[in-house]
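Enquirer: give the three-dimensional model of this entry:
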Amino acid sequence: MESFLLLLLASVGTFAQIEVIQYVPRVTDQVMEGKVTASTFALASPNCVFDSLVNATDEIWLVVTFTNATSSFKNPTNLQEIPPYENLYSTHAYMTMKSTISHYPCDKDKAGSVLRVGNESTCKNDNSLTPCNGPLPSPGTYRVKFIAMDSKGSKAETRWSGPITLNKAQAWQTVDTWPGRRSGDMIVITVILSILCGVVTLGFLCTVCYECFKLRQNGPPENVEQQRQEDPFPRSHYDTHHIPPTPPVPPPPPMDTPAPELTTASF
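Expert: Alright, predicted model coming up:
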């Protein structure tokens with residue numbers, strides 16, 4: 001009986017050393033795309049939550065568990081007890097997003113910051129990159145809380161969040177592709193556009209075929225043959241109007257023929 005009381009007092013003393021902060025983590029209230037996806041969700045940043053309880057060297061962790069495993073989760077007393085992401089299916093929980101108080105300041109400029117849980121796909125199969133913030137493997141549901149730790153173990157924690165359910169991807173067999181489920185206006189517009197595209201394409205092909213056939217039947221134009229026979233280097237001719245044309249040179253006069261010599265006849 002005495003040993004049981006001592007054990008109970010020791011456990012109560014250990015529990016009393018952990019400060020419970022009246023803060024409930026939640027999915028961010030910001031209007032944003034992908035707030036909750038099939039493998040991630042965005043938490044509101046716990047700014048100003050740990051300022052009066054932790055030191056600058058203390059570590060702040062995020063605990064992620066399945067909803068039905070919150071009661072069995074035990075806060076680690078040292079860094080070696082921190083459950084990694086790779087053991088989620090065996091321990092039903094893991095700790096990630098190791099940070100310090102400097103990441104959650106009381107700054108109005110960072111009041112709208114968010115924490116994306118499950119955002120690191122590169123460390124999914126790499127045990128050397130722990131603590132890994134890998135993608136969540138199922139729709140859940142999940143619950144989270146923040147823990148502050150020093151060299152002696154856990155010293156402060158928040159409350160558990162409410163259940164967080166991820167989006168479930170729809171199987172391709174269940175996607176309805178039957179045209180009867182579509183609106184009449186959409187079907188009419190689709191049919192008209194398809195017909196117009198077909199007519200334009202057919203007209204273009206007919207025009208191309210007709211021009212090719214005409215060139216093949218008629219041969220090259222006549223002016224092409226004439227251009228080939230013409231001087232390949234045509235010269236331009238022009239008249240100079242300011243200078244009168246030179247008259248033709250007259251032919252030279254005929255040369256004088258010598259007179260015949262007179263001979264005297266002897267009598």
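Enquirer: all the strands of the stretch 151-267 of the chain, residue numbers only.
Expert: 153-158 (DSSP state E, counting those that start in this stretch).
Enquirer: any weak-confidence spans in it?
Expert: Across the stretch 151-267 of the chain, the ranges flagged by pLDDT under 70 are 170-183, 219-247, 249, 255-267.
Enquirer: tally up the residues packed near residue 91, please.
Expert: Other residues within reach of residue 91, judged by other CB atoms under 10 Å, total 15. From N, CA and C alone the C-beta is placed, and that goes for glycine too.
Enquirer: no no, residue 75
Expert: Counted with other CB under 10 Å, residue 75 comes out at 18.
Enquirer: for it, helix, strand, or coil?
Expert: For residue 75, the assignment made with DSSP: H, G, I helix; E, B strand; the rest coil gives coil.
Enquirer: which residues does it contact?
Expert: 18, 147, 153-154, 157 (CB atoms under 8 Å, 6 or more residues apart in numbering).
Enquirer: closest to residue 168 out of those?
Expert: Distance to residue 168 across those (CB to CB) is lowest for residue 147, with 29.2 Å.
Enquirer: can you give me the domain assignment for the chain?
Expert: Following automatic domain parsing, the chain resolves into domains at 15-170, 177-217.
Enquirer: hey, which of those domains is tucked in deepest?
Expert: domain 15-170 (a mean of 16; mean count of other CB atoms under 10 Å).
Enquirer: for stretch 112-124, list the C-alpha coordinates in PDB.
Expert: C-alpha atoms of stretch 112-124 as PDB (Å, rounded to 0.1, in the frame of the first residue of the first chain):
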ATOM      1  CA  GLY A 112      -2.100  35.400 -40.000                       C
ATOM      2  CA  SER A 113       0.700  32.800 -40.400                       C
ATOM      3  CA  VAL A 114      -0.200  29.100 -40.700                       C
ATOM      4  CA  LEU A 115       1.500  25.800 -40.100                       C
ATOM      5  CA  ARG A 116       1.100  23.200 -42.900                       C
ATOM      6  CA  VAL A 117       0.900  19.700 -41.400                       C
ATOM      7  CA  GLY A 118       2.000  17.000 -43.800                       C
ATOM      8  CA  ASN A 119       3.900  19.300 -46.200                       C
ATOM      9  CA  GLU A 120       7.200  17.400 -46.600                       C
ATOM     10  CA  SER A 121       6.900  14.600 -49.100                       C
ATOM     11  CA  THR A 122      10.700  14.300 -49.500                       C
ATOM     12  CA  CYS A 123      11.300  12.800 -46.100                       C
ATOM     13  CA  LYS A 124       8.600  10.200 -46.300                       C
END
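Enquirer: so for residue 252, which of the domains of the chain sits nearest?
Expert: With distances scored as CB to CB, the stretch of those nearest to residue 252 is domain 177-217 (62.4 Å).
Enquirer: hmm, back to that, so for residue 254, which of the domains of the chain sits nearest?
Expert: Nearest of those to residue 254, taken as CB to CB: domain 177-217 at 66.5 Å.
Enquirer: let me have the domains of the chain in JSON lines, extended by distance to residue 248.
Expert: Shown next, in JSON lines, are the domains of the chain (distance: least, CB to CB, whole Å):
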{"stretch": "domain 15-170", "distance to residue 248": "97"}
{"stretch": "domain 177-217", "distance to residue 248": "53"}
